[in-house]
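Chemist: turn this into a structure:
(4 chains)
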2 protein chains.
Amino acid sequence: MKQPTIQTAPTPPLDVVQGAFRALADPTRRTILMHLGEQDMTIGEVCTHFDMTRAAVKKHLTILEEGALISVHPRGRERINRLEPIALKSVADWLNHFNRFWDERLAQLQHAVAAEEAAKKTKRSKPKK
Amino acid sequence: MKQPTIQTAPTPPLDVVQGAFRALADPTRRTILMHLGEQDMTIGEVCTHFDMTRAAVKKHLTILEEGALISVHPRGRERINRLEPIALKSVADWLNHFNRFWDERLAQLQHAVAAEEAAKKTKRSKPKK
DNA sequence: TTGACATGAAACCTTTTTGTATCATATTAA
DNA sequence: TTAATATGATACAAAAAGGTTTCATGTCAA
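Modeler: Below you'll find the predicted structure:
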């Protein structure tokens, strides 16, 4: 059924992308990332933002670390969690493969809206571009 | 309990983003999206690219549709699956919140590499890649 | 040293996910 | 009409996800 492709190394960051997408699938983890965007935080500090046991937050942080979205830095008995934007950028790069579709679709929508506006012909709202 | 807000639609992209991130977490579904980026496809055509039962592919397509990443258009007894880039763009927009971190971190890395190179000027033990 | 604090880790449970197999339905073509 | 086709839908099983509780370990501070 499946046609084997001949390319052997068109797979630069697949594991990285997979780990990052997996980590981003959970809303708690996305919220953690936004908090860490404000400042580095210990696990305890992250916990203060969630109604959840410390162990559960720790698991989320572990998955974020596995996805390379954060790094953990021991400082005494604490562990400082820091946002690591490189993996986030790899996700954004993957999404950018679809850039041209956004442009096409947005142009379609704008065109449709413009046609509708013209049909109404009541307002003179000028779409800025 | 207390819902003093009167807005009925203050949740513009939250559910959309969650549904899209959930759908993107699976590598099979990301591959499906790339195939649909090439052309619209029926379920059967999508199936030809995977070593998986038709029912499993159908479930993936359902999750992609729930995440608004694709739309399904009946044509006779077939269902044409079409990429819907708007939800993808909402994910990209969410990621762009971290844009400034990429810039900062990349600048840091470039600076660090430059400093290390300068410090290494005396050494010659560079392992081959 | 002692105790409080911050974390790590394991066992366990429930729900979701991801696949299968099977049967039902609607459409096309002969 | 009849049969093949394309899909929908349900029930099922294994694995992963997401949470809790409990206990152990290492560090700081008095």
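Chemist: show me where chain A has helices.
Modeler: Taking DSSP state H as the criterion, chain A carries its helices at A:14-24, A:27-38, A:43-47, A:54-66, A:85-96, A:99-120.
Chemist: briefly note if the first one comes near chain B.
Modeler: Yes: between helix A:14-24 and chain B, judged by C-beta under 8 Å from any C-beta of the partner chain, the touching residues are A:Leu14, A:Gln18, A:Phe21, A:Arg22, A:Leu24. Placement of C-beta: from N, CA and C, glycine included.
Chemist: name the nearest residue to the fourth one, ignoring sequence neighbours.
Modeler: In space, and not counting its chain neighbours, A:Arg22 is closest to B:Ala25: 5.3 Å by C-beta to C-beta, 6 or more residues apart in numbering or on different chains.
Chemist: what does the last one give?
Modeler: Leaving out its chain neighbours, the residue that sits closest to A:Leu24 by C-beta to C-beta, 6+ apart is B:Phe21, at 5.3 Å.
Chemist: give me the number of residues near the one you found?
Modeler: B:Phe21: 24 surrounding residues under other C-beta atoms under 10 Å in any protein chain shown.
Chemist: residue contacts, it?
Modeler: A:Phe21, A:Leu24, A:Ala25, A:Arg30, B:Gly67, B:Val91 (C-beta atoms under 8 Å, 6 or more residues apart in numbering or on different chains).
Chemist: again, 7 Å this time
Modeler: Neighbouring residues of B:Phe21 by C-beta atoms under 7 Å, 6 or more residues apart in numbering or on different chains: A:Leu24, A:Ala25, B:Val91.
Chemist: and which of these is nearest A:Gln39?
Modeler: A:Leu24 (20.4 Å; C-beta to C-beta).
Chemist: are stretch A:68-82 and DNA strand C in contact anywhere?
Modeler: Yes: with C-beta under 7 Å from any atom of the strand as the measure, stretch A:68-82 is seen reaching DNA strand C through A:Val72, A:Arg77, A:Glu78, A:Arg79.
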